[in-house]
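1. sharing a model that was predicted from the sequence below.
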Amino acid sequence: MPGKRTTRTTAAAVAIAATALMPSQASAQPSSDALNTYNDLSRQAEKLHEDHLKAQEDLKAKQGDLDKANADLQRAGQVADKAKADEDLFRGRVDLLTEASFEGARFTQLSALLVSESQQDFLNRMSAMSMIAQDNSEAMGKLSAALDAARKAQAFAQDAQKRAGEATDGAAKLVNDIAAKKSAMDQQVSAARNQYQSLTSPQKAQLANPGDTSPVQVPAGAAGAALEFALAQRGDTYVFGANGPDAWDCSSLMQKAYAAAGVSIPRVTYDQAKLGRAVTRAQVAPGDLIIYYSGQSHVAMAVDNVRAVHASTEGVPVLIANIDSIGPISVIRRVVG
């Protein structure tokens, strides 16, 4: 159970685990065209399933882009409204000051000197001229700032409208893409399930073998906690698109395992293949994610440098297998550490 450290498997259990049945390991399967066909169909269905999940994640991202663009558009409208109000206010002040200048409220120093009746009158007129000039300069500055804010708001609004349009178009395309991928996935899953029904009882029993279920000692830390969770699910059912608690697909098991360790990772294998840092096959350590196939459509978690635990395919429970028996390795990622 998660949360309880267990003892290391015996050498015999390791040997059993290393040769545990895996759908993608031809040497560990009966020589059967029907079984090989089922394995091929299952792998194809899993890739289409991951494609479908990825399209759904992309749609969420596009919806987020659309929501942000619409929020930016609304904010731009509010800024534009304020800028327009400021423009009206300060343009009115500038107009008043301009009108005052035509009515003789503004004079040159010479005209002030000529019409002044005394030295004090001259100083008063000069002071009034200075105040009017200051007011006019301030009003002009604020009018200029308001006009600049209005221009920026308009440009921001145009950009937001463009982004909103692109996000809407992208979302619409993804909706169609999701529908197409879902249809292809359903057909492939149905084909795999139909092929499964053609297998013999011994073949089905061999696929259903849970393999090594003995206690496994895990290291301390987040990687160990994630591995402990994954190991606790041994024997659970594989179902395309399942998210637990008793049925999984390959990537949902990895996501929930690391969530149990307090680490958030993406749902899809393609994104899990970009996590943390890459390590070599020789460097594999408990908790590492091992991504398989050139299309990166399957994932397992390293138990040690030899074994991995994973949700394989329908008809096969969550189990431990030899790392290299699961399929061709695309990349190995260390999520933490």
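-> Yep, that arrived.
2. what sits against the closest residue to Ala261 other than its chain neighbours?
-> Nearest residue to Ala261 in three dimensions, chain neighbours excluded: Ala225, at 3.7 Å (CB to CB, 6 or more residues apart in numbering). Bear in mind the C-beta positions are built from the backbone N, C-alpha and C, glycine included. Contacts for Ala225 (CB atoms under 8 Å, 6 or more residues apart in numbering) come out as Pro2, Val218, Ala260, Ala261, Gly262.
3. what do you get for Ile323?
-> Per CB under 8 Å, 6+ apart, neighbours of Ile323: Arg281, Val284, Ile290, Ala300, Ala302, Asn305, Val306, Arg307, Ala308, Ile329.
4. backbone dihedrals for Asn305, please?
-> Recorded main-chain torsions at Asn305 are phi -80, psi 0, according to degrees, to the nearest 10.
5. same question, Thr313
-> Taking degrees, to the nearest 10 as the convention, Thr313 sits at phi -170, psi 170.
6. okay, it and Asn209: tell me how far apart.
-> 14 Å (CB to CB, to the nearest Å).
7. neighbour count for those two, which is higher?
-> Using other CB atoms under 10 Å as the criterion, Thr313 and Asn209 rank with Thr313 on top: 25 against 11.
8. what pLDDT does the more buried one get?
-> Note for Thr313: predicted pLDDT of 89.
9. what's near enough to touch it?
-> Pro23, Asn39, Ser42, Arg43, Ala45, Glu46, Ala192, Tyr238.
10. nearest to Ala155 among the residues you listed?
-> Closest approach between those and Ala155, by CB to CB: Glu46, at 47.1 Å.
11. ok, that closest one touching Val239?
-> No. Using CB atoms under 8 Å, Glu46 is not in contact with Val239, being 11.6 Å away.
12. shared neighbours, those two?
-> What both Glu46 and Val239 touch, as defined by CB under 8 Å, 6+ apart, is the set Asp249.
13. ok, the two, which is more surrounded?
-> More crowded of Glu46 and Val239, by other CB under 10 Å: Glu46, with 30 against 16.
14. the more buried one: what's its closest spatial neighbour, skipping adjacent residues?
-> Residue nearest to Glu46 in three dimensions, not counting chain neighbours: Ser297, with 5.4 Å by CB to CB, 6+ apart.
15. can you tell me how far that neighbour is from Lys47?
-> Ser297 is 4 Å from Lys47, by CB to CB.
16. tell me which of these two has more neighbours.
-> Ser297 (25 against 18).
17. and the pLDDT for that one?
-> If you check Ser297, the pLDDT there is 92.
18. contact partners for it?
-> By CB under 8 Å, 6+ apart, the contact list for Ser297 reads Arg43, Glu46, Lys47, Glu50, Thr269.
19. how about these in a markdown table, adding distance to Ser252, pLDDT and secondary structure?
-> Converted to a markdown table, these look like this (distance: CB to CB, whole Å; pLDDT from 0 to 100; DSSP: H, G, I helix; E, B strand; the rest coil):
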| residue | distance to Ser252 | pLDDT | secondary structure |
| --- | --- | --- | --- |
| Arg43 | 17 | 78 | helix |
| Glu46 | 12 | 81 | helix |
| Lys47 | 16 | 78 | helix |
| Glu50 | 11 | 84 | helix |
| Thr269 | 10 | 95 | helix |
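20. relative to Ala160, which of these is nearest.
-> Glu50 (33.4 Å).
21. tell me if I'm right that that closest one and Val268 touch.
-> Yes. Between Glu50 and Val268 a contact is recorded at 5.8 Å, counting by CB under 8 Å.
22. circling back to that earlier point, so which of the contacts of Ile323 are in strands?
-> Counting by DSSP state E, the part of those found in strands is Ile290, Ala300, Ala302, Arg307, Ala308, Ile329.
23. closest to Met185 out of those?
-> Nearest to Met185, judged by CB to CB, of the ones in strands among the contacts of Ile323 is Ala300 at 21.1 Å.
24. if we can go back for a sec, distance of the residue nearest to Ala261 relative to Val336?
-> Counting by CB to CB, the gap from Ala225 to Val336 is 10 Å.
25. repeat that for Leu66.
-> Leu66 is 33 Å from Val336, where distance means CB to CB.
26. equivalent analysis for Val279, please.
-> Taking CB to CB as the measure, Val279 falls 12 Å from Val336.
27. same deal with Asp236?
-> 24 Å.
28. also Asp72?
-> Asp72 is 36 Å from Val336, by CB to CB.
29. residue contacts, the spatially closest residue to Gly295 that is not a sequence neighbour?
-> Nearest residue to Gly295, sequence neighbours excluded (CB to CB, 6+ apart): Lys47, at 5.3 Å. By CB under 8 Å, 6+ apart, the contact set of Lys47 is Tyr293, Gly295, Ser297.
30. tally of neighbours for the first one?
-> Right, the one you point to is Tyr293. 18.
31. residues in contact with it?
-> Taking CB under 8 Å, 6+ apart, we find Tyr293 in contact with Arg43, Lys47, Gly327, Pro328, Ser330.
32. at 7 Å instead, please
-> The contact partners of Tyr293, by CB atoms under 7 Å, 6 or more residues apart in numbering, come to Gly327, Pro328, Ser330.
33. rewinding a little: could you point out which element follows the host helix or strand of the residue nearest to Ala261?
-> Following DSSP states H and E, one finds Ala225 within helix 222-232. Following helix 222-232 in sequence order, the next helix or strand is strand 237-238 (DSSP H and E).
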